[in-house]
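> need coordinates for the following:
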Amino acid sequence: KENSFFSPADRLPPTLKPRKHFCETRRKTYGRLIQCRTGHAFLGEYFSSFVPPENPSCPCGVPIQTREHMITSCPTYESKRDILRSVSEGLVITDILGTEKGIEALIEFLNVTDAFKKANRTNPNHTDSQPSPPSG
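Residues are numbered from 1 along each chain as shown. Sure, this is the predicted structure:
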């Protein structure tokens, strides 16, 4: 389907061996990579279809948080977006999600941001290297 969440990422031909990013990416990052590429991620766009009680807005104030918004225009990630621009100056989603170089840049972007994490929904500055705030 051309209109599916996965269609922008579905540009690499199948291989008999796992790709480099499959073998060399940390598990948590790889999980977010696959969620981002398929569109089944902690995003308002996904929640509005599959988890209606969740707030679909982005912490930056955009009414519906989408994968394209997080990759191309969310101000939360602007300081790290040059990583993605190194492979796609215009931040073309199909170049980032559907090419080897784009996937490598996306992995680097995910490693230095909290993009596509559930924690991002409530605290956009939370990363794996920072302790979680105490609950309660």
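
> mean confidence for the helix or strand hosting residue 101?
If you go by DSSP states H and E, residue 101 is part of helix 100-112. Helix 100-112 shows an average pLDDT of 95 in the prediction.

> now do the contacts for residue 57.
By Cβ atoms under 8 Å, 6 or more residues apart in numbering, the contact list for residue 57 reads 44, 63-65. To be clear about C-beta, it is placed using only N, CA and C from the backbone, and glycine gets the same treatment.

> kindly report the same for residue 100.
Residues near residue 100 by Cβ under 8 Å, 6+ apart: 12, 19-21.

> same check, this time on residue 67
5, 36, 39, 41, 43, 45, 93.

> got a winner among those residues for most neighbours?
Most neighbours among the contacts of residue 67, by other Cβ atoms under 10 Å: residue 43, with 27 neighbours.

> how close does that one sit to residue 34?
According to Cβ to Cβ, to the nearest Å, residue 43 and residue 34 sit 14 Å apart.

> for the chain, which segments count as helices?
20-24, 27-38, 44-50, 67-72, 82-85, 93-97, 100-112 (DSSP state H).

> reformat those helices as JSON lines; add distance to residue 57.
Shown next, in JSON lines, are those (distance: least, Cβ to Cβ, whole Å):
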{"stretch": "helix 20-24", "distance to residue 57": "31"}
{"stretch": "helix 27-38", "distance to residue 57": "19"}
{"stretch": "helix 44-50", "distance to residue 57": "6"}
{"stretch": "helix 67-72", "distance to residue 57": "11"}
{"stretch": "helix 82-85", "distance to residue 57": "23"}
{"stretch": "helix 93-97", "distance to residue 57": "21"}
{"stretch": "helix 100-112", "distance to residue 57": "22"}
